[in-house]
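Student: only geometry, no sequence info:
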DNA sequence: CGCATTCTCGTATACCCTACGGAAATAGCC
DNA sequence: GGCTATTTCCGTAGGGTATACGAGAATGCG
């Protein structure tokens, strides 16, 4: 499932774009006297001479997201975004180094949409509910932007959105008293589970939308499988579950159930590693 | 990231291809007298008149897999496979209805490579070891064929390989005594976890291969993140883990640890739902 | 006004999949 | 030995993708 990867091109430029309007204080504090020279060539461009830009990065990124939301990731091609903005394709390259970077920007933007409390902000009581919050926000994000499921998560955009998610989850698990190493590992396994389960749900949506065919209709079309090819002798467990009515009615129900069940069991397992009661911080 | 999906085209033809040489007995048994008429037009083609084929489906599928293994999924294009076989691109369409179907065939072929014991065959003692076997076989499969990580798993190819995997996992969980519904749900959550964790490892490999850059080098290139953009105040938990040396040395180590840790915790959680001891069948 | 600077974008290249339709090869029959 | 039905082979053409290159247009300052 998936697409190209964060450019080896110019990491500094990519970082500057990802953090474009949310500079950390430590860069601003040291030399507020000379604001022009601080990030010399990429962040705050000298507005002296030259043709005025007709777009800005935020607009390009938002258009990409909107197009992908409405008509799929393929619609968010360079040509597609340019047409939606009423400019020539090559004009986009003034604002964004390449397709890859645009995608990174789109991803970090929607990652940042999740409403996760920061360090000193109020949050639900109990670490499990706090993980649930992460899970729900992430699921909602995937539902709003199902194309995310098609974007690889290794080498993610290292922007504010991704960092906020990682920070939140670590801050939730830190009080559990696991070793630092285990805390990090547990956080990774939760992210992995939540992201891929939510991604699967999104992908279902995506495929139904793209093919115009419900999952149920798809299975119905494959009825021959059971009538012609399926061998009961070779598949006794499947047959037993089938006969005991163990299969959900719809693929979506099955996926949702598996999501909740698996997350609950994963958290059960993590909890058993700690001495903390489930409703303690 | 990911790719297209199982064709709404002709499900019967796709099924016949997926099951091409492993027909279930119930189709053969009823009318062995008239072997020609049995699957009239697709499976065993009448070899009467007409030009002799220069290829066969297995060869096409194996070439696709080999190309994808060696040079990435993009190399397994219709043109690429045809060139590797020394025929014109359009010739492939005699053997395979479309790119989608070829991919389905490739996927089911490698799914079937996993060595998972069938119904009456010997297997490890204890359900956790049996799940481990599934996990290890699946991981090895992803390592042999990292391109799998780029193929969507919703609407999978309903061939012998996929069914064998589902059957095995269900047969492992069935003796735990969960409700049929929960047994199925637990199996789905395990598949989901294992597939996506193994997929992530594979994708790491894939990206390192495609970019020629190790993950460590990639992070090194982004050192500016920490020096220029990262705000310690906003990210106390990350900072704490960092200071406590909680981050693994390499991205790969972190992924592998998270894989094992998460799977163990998930199985802990499932086990707690049952009354069966871990080393009982 | 001149001119450095910056943004705009047409063209060209090199891929991808596949609909179409004609050419080539084969088996059986007369 | 041809004739014909059948099957395989595959060139071409059309519609998509990203982006390197370089010419042209707009702007602000001296």
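Tutor: Okay, I see it. Since the structure is predicted, the reported quantities are computational estimates derived from the model, not experimental observations.

Student: Give me the pLDDT value at whichever residue of the stretch 51-200 of chain A sits closest to DNA strand C.
Tutor: Closest contact between the stretch 51-200 of chain A and DNA strand C, by C-beta to the nearest atom of the strand, is at residue A:88 (2.5 Å). C-beta coordinates here come from the backbone N, C-alpha and C atoms, glycine included. Listed pLDDT for residue A:88 reads 92.

Student: What residues does it make contact with?
Tutor: If you count contacts by C-beta atoms under 8 Å, 6 or more residues apart in numbering or on different chains, residue A:88 has them with residue A:82.

Student: how does it look with 6 Å?
Tutor: Contacts of residue A:88 were listed using C-beta atoms under 6 Å, 6 or more residues apart in numbering or on different chains, and none were found.

Student: which stretches of chain A have low pLDDT?
Tutor: In the predicted model of chain A, residues A:1-8, A:21-47, A:275-281 satisfy pLDDT under 70.

Student: Give me the angle between the helix of greatest length in it and helix B:180-211.
Tutor: Criterion DSSP state H: the longest helix present in chain A is helix A:180-211. Relative orientation of helix A:180-211 versus helix B:180-211 (axes from the mean of the first three to the mean of the last three C-alpha atoms, to 10 degrees): 100 degrees.

Student: Nearest residue to residue A:107 in space, please, no chain neighbours.
Tutor: The shortest distance from residue A:107 to any non-neighbouring residue, by C-beta to C-beta, 6 or more residues apart in numbering or on different chains, is to residue A:157 (5.2 Å).

Student: Residue A:270 sits in which helix or strand?
Tutor: In this assignment (DSSP states H and E), residue A:270 forms part of helix A:251-272.

Student: Would you mind listing the buried residues in that helix?
Tutor: A:251-252, A:254-259, A:261-271 (16 or more other C-beta atoms under 10 Å in any protein chain shown).

Student: and if you look at stretch A:207-223?
Tutor: Buried residues in stretch A:207-223 (16+ other C-beta under 10 Å): A:207, A:208, A:211, A:213, A:215, A:218, A:219, A:221, A:222.

Student: can you map out the helices along chain A?
Tutor: Assigned by DSSP H, the helices in chain A fall at A:11-18, A:25-28, A:57-71, A:78-85, A:99-111, A:127-144, A:160-173, A:180-211, A:215-221, A:224, A:236-243, A:251-272.

Student: ok, back up a step: who's in contact with the residue nearest to residue A:107?
Tutor: Counted by C-beta under 6 Å, 6+ apart, residue A:157 has contacts A:18, A:104, A:107, A:108.

Student: run the last query once more with 8 Å
Tutor: Counted by C-beta under 8 Å, 6+ apart, residue A:157 has contacts A:6, A:14, A:18, A:104, A:105, A:107, A:108, A:111.

Student: Now render these as JSON lines, adding neighbour count.
Tutor: Formatted as JSON lines, the contacts of residue A:157 follow (neighbours: other C-beta atoms under 10 Å in any protein chain shown):
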{"residue": "A:6", "neighbour count": "24"}
{"residue": "A:14", "neighbour count": "27"}
{"residue": "A:18", "neighbour count": "23"}
{"residue": "A:104", "neighbour count": "27"}
{"residue": "A:105", "neighbour count": "24"}
{"residue": "A:107", "neighbour count": "25"}
{"residue": "A:108", "neighbour count": "22"}
{"residue": "A:111", "neighbour count": "23"}
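
Student: Spit out the contact partners of the residue lying closest to residue A:111 once chain neighbours are set aside.
Tutor: In space, and not counting its chain neighbours, residue A:111 is closest to residue A:161: 3.1 Å by C-beta to C-beta, 6+ apart. The neighbours of residue A:161, taking C-beta under 8 Å, 6+ apart as the test, are A:107, A:108, A:109, A:110, A:111, A:112, A:113, A:114.

Student: if we go to 7 Å?
Tutor: Neighbouring residues of residue A:161 by C-beta atoms under 7 Å, 6 or more residues apart in numbering or on different chains: A:108, A:109, A:111, A:112.

Student: In those, find the pair that's most separated.
Tutor: The most widely separated members of the contacts of residue A:161 are A:109 and A:111, with 7.3 Å between them, by C-beta to C-beta.

Student: ok so, going back, need the max-distance pair from the contacts of residue A:157.
Tutor: Counting by C-beta to C-beta, the most remote pair of the contacts of residue A:157 is A:14 and A:111, 15.3 Å apart.

Student: who in the stretch 51-200 of chain A is up against DNA strand D?
Tutor: By the rule C-beta under 7 Å from any atom of the strand, the part of the stretch 51-200 of chain A lying against DNA strand D is A:51-52, A:74, A:77-80, A:89-90, A:93, A:98-100.

Student: Neighbour count added to those residues, as TSV?
Tutor: Below are those laid out as TSV (neighbours: other C-beta under 10 Å):
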residue	neighbour count
A:51	6
A:52	5
A:74	12
A:77	16
A:78	17
A:79	12
A:80	18
A:89	13
A:90	10
A:93	14
A:98	15
A:99	18
A:100	18
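
Student: Fine by me, thanks again.
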